[in-house]
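*Asks:* coords please:
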Amino acid sequence: MFNVNCSMLNVIYEDKNILAVDKPAGILVYYPPHFKQNEETLLDEVFEKLEYKNKDERTGVVHRLDRETSGVIIFAKNEAAEIELKKVFKERKIKKYYVALVSGKLEPEEGRITIPLGRAPKDRLRVVPKASGKPSETLYRVLKYYPNANVSLLEIELKTGRMHQIRVHLSAIGHPVVGDKIYGGSTSIKLDRQFLHAKKLEFVSPFDKKNIVIESELPKDLTEFLDDQY
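*Replies:* Residues are numbered from 1 along each chain as shown. Just a heads-up that it's a prediction; the model follows:
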């Protein structure tokens with residue numbers, strides 16, 4: 001279990017419509033109905049900054065990151081902003097970049113993965129490659145090979161936003177994310193969580209048409225892991 005302390009919320013961008021924070025690994029973005037245990041969420045931490053007339057368990061949420069994924073996430077600060085920001089994501093008018101460490105030497109050094117994805121038939125919390133699934137597209141570029149550890153550090157651009165897309169796509173081509181306990185990450189490498197970080201979001205604001213670029217540095221646990229292991 002992660003030791004997560006969000007009492008010092010790291011806000012990396014804010015205007016009257018948008019709030020962007022640096023999400024730590026180990027915390028849920030919001031509290032899904034199927035989760036029975038009560039726990040603190042990232043939404044709990046930003047709640048008082050949101051200017052909604054009526055608030056519920058998904059107020060301000062326009063996209064999400066997995067519990068074990070760190071990095072940039074944005075919230076809408078009011079009802080009108082939520083409508084517009086959801087359009088930005090739905091219409092794919094936002095560029096989403098991640099950093100991932102994967103098992104093996106991934107070749108070629110740049111590539112595109114277009115495997116359709118769908119929910120697993122007996123487990124709705126898992127995603128699997130499926131011919132009848134939704135079209136899904138992931139671009140990757142190798143940043144560095146670590147031959148001694150047989151892993152590759154990648155920059156990823158997520159073109160579509162399916163649940164667990166990066167993790168399932170990389171696992172499907174034989175290079176799962178290091179530390180991913182669900183989709184086959186190496187168990188021989190000692191890392192408390194999956195090595196996946198939301199590095200950057202870039203989009204044109206639907207409110208004032210300015211180009212917004214929001215970035216997050218690779219967190220300490222991942223940089224130290226690379227330094228210690230490789």
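
*Asks:* which stretches of the chain have low pLDDT?
*Replies:* For the chain, applying pLDDT under 70 flags the ranges 1-8, 33-37, 185-187, 229-230.

*Asks:* And the residue nearest the centre of it, how far from residue 104?
*Replies:* Residue closest to the mean C-alpha point of the chain, counted by Cα atoms, centre = their mean, is residue 65 at 3.9 Å. According to Cβ to Cβ, to the nearest Å, residue 65 and residue 104 sit 24 Å apart. The C-beta positions use only the backbone N, C-alpha and C, and glycine is treated the same way.

*Asks:* same deal with residue 88?
*Replies:* According to Cβ to Cβ, residue 88 stands 35 Å off from residue 104.

*Asks:* These two: which is more packed in?
*Replies:* residue 88 (18 against 15; other Cβ atoms under 10 Å).

*Asks:* pretty sure the more buried one is touching residue 95, no?
*Replies:* No: here residue 88 does not reach residue 95: they are 10.7 Å apart, not a contact under Cβ atoms under 8 Å.

*Asks:* Now for those two: what residues contact both?
*Replies:* Common contacts of residue 88 and residue 95 (Cβ atoms under 8 Å, 6 or more residues apart in numbering): residue 203.

*Asks:* Spell out the residue ranges of the helices in the chain.
*Replies:* Secondary structure of the chain by DSSP state H: the helices cover 42-46, 79-90, 165-172, 220-229.

*Asks:* Which residue of this protein lies farthest from its centroid?
*Replies:* Per Cα atoms, centre = their mean, the residue of the chain sitting farthest from its centre is residue 53 (28.5 Å).

*Asks:* Could you double-check that that one lies in contact with residue 79?
*Replies:* Yes: if you go by Cβ under 8 Å, residue 53 and residue 79 touch, sitting 7.1 Å apart.

*Asks:* Now do residue 159 against residue 58, distance only.
*Replies:* 25 Å.

*Asks:* about what we covered before: mind putting the helices of the chain into TSV with distance to residue 19?
*Replies:* TSV is the format used below for the helices of the chain (distance: least, Cβ to Cβ, whole Å):
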stretch	distance to residue 19
helix 42-46	6
helix 79-90	9
helix 165-172	24
helix 220-229	23
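
*Asks:* Please work out which of these is packed deepest.
*Replies:* Comparing the helices of the chain by mean neighbour count (mean count of other Cβ atoms under 10 Å), helix 165-172 ranks first with a mean of 24.

*Asks:* Measure how buried residue 142 is and give me the count.
*Replies:* 17.

*Asks:* Can you name the residues that contact it?
*Replies:* 106, 109-110, 152-154.

*Asks:* what's the closest non-adjacent residue to it?
*Replies:* Once flanking residues are discounted, residue 142 sits nearest to residue 109: 4.3 Å by Cβ to Cβ, 6 or more residues apart in numbering.
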